[in-house]
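In: The sequence and its predicted three-dimensional model are supplied below.
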Amino acid sequence: MNAHSSPADILPTYDQGAAEFQAQRDRSLFEKPCLDRLLGVTPRNVSPRRLLDLGCGTGAPIASHLAERGMAVTGVDGAAGMIDLFTQTLPQATAIHADMRGLNLDVTFDAILAWNSFFHLSPDDQRAMFPVFARHAAPKAALMFTAGPSAGEVWGHAAGGEVYHSSLDPAEYLQLLEANNFKVIDYRPEDPACRGHTVWLARYADPTDGSEA
């Protein structure tokens, strides 16, 4: 019996299978109801509002849609093949080839999105991402990420290979958000409006400015 793929296989799989992923990616933008919720709570600290898309993939359809809605997009992906396609899709955006784990861009954003990317990390690496989110959050920044509805590991297929997914328990996500100064605005497990995705939406409250979330 063959062993399952691991979190360490994710970036090589998406790098080598970037073109296949792009060809097969659903472009119907079923994610729009969720993205509209993100846009609705993203503050206007600057104009245009700044988006950090972690695990941005090829940039279509999500980053493209948000750019069309007036956001200045910075895409980060650890798979070089994905970043190459992202730059073709959104030549006006900022594209960064980097692993989201331990990321430190020394700049903050009005919205942070990790759609179907963060959940490829191991549980410990997911836990370590919450300080990364906070480090890149501007005042009252919106954070949206997808996860599983309960703790566990599952495997699926994408980009021509098997891919690992994991989730923490929702109660632990809540604890991690609160510990890193994020207040949950919306939590929708297996949201039928977004094809069963489990979606978290939170707002950052900078502990140094005394403001309320």
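Out: Okay, I see it.

In: report the longest helix in this structure, please.
Out: Identified as the longest helix of the chain according to DSSP state H is helix 123-135.

In: elements contacting that one?
Out: The contact analysis (3 or more Cβ pairs under 8 Å, 6 or more residues apart in numbering; DSSP states H and E) places helix 123-135 against helix 170-179, strand 182-191. Where C-beta positions appear, they are placed from N, C-alpha and C, glycine not excepted.

In: How far off centre is the last one?
Out: Think strand 182-191. Taking the mean of its C-alpha atoms, strand 182-191 sits 14 Å from the chain's own mean (Cα atoms, centre = their mean, to the nearest Å).

In: sorry, back to before: for residue 40, find the nearest of the helices and strands packed on helix 123-135.
Out: Nearest to residue 40 among the helices and strands packed on helix 123-135 is strand 182-191 (9.5 Å), distances taken as Cβ to Cβ.

In: So what touches that closest one?
Out: Strand 182-191 is contacted by residues 34, 37, 41, 130, 133-134, 137, 142-143, 149, 170, 174, 177, 194, 196-205, 213 when judged by Cβ atoms under 8 Å, 6 or more residues apart in numbering.

In: Ok, stretch 28-48 next?
Out: Taking Cβ under 8 Å, 6+ apart as the rule, stretch 28-48 contacts 49, 51, 61-62, 65-66, 69-72, 110-111, 113, 115, 138-142, 144, 185-186, 191, 193-195, 197, 199, 201, 203.

In: cool, stretch 98-107 as well?
Out: 11, 52, 54-55, 74, 76-78, 96, 114, 117-118, 121, 125, 128-129, 132, 135-136.

In: Straight-line length of it, end to end?
Out: Stretch 98-107 has an end-to-end distance of 15 Å (Cα to Cα, to the nearest Å).

In: tally of neighbours for residue 199?
Out: 22 (other Cβ atoms under 10 Å).
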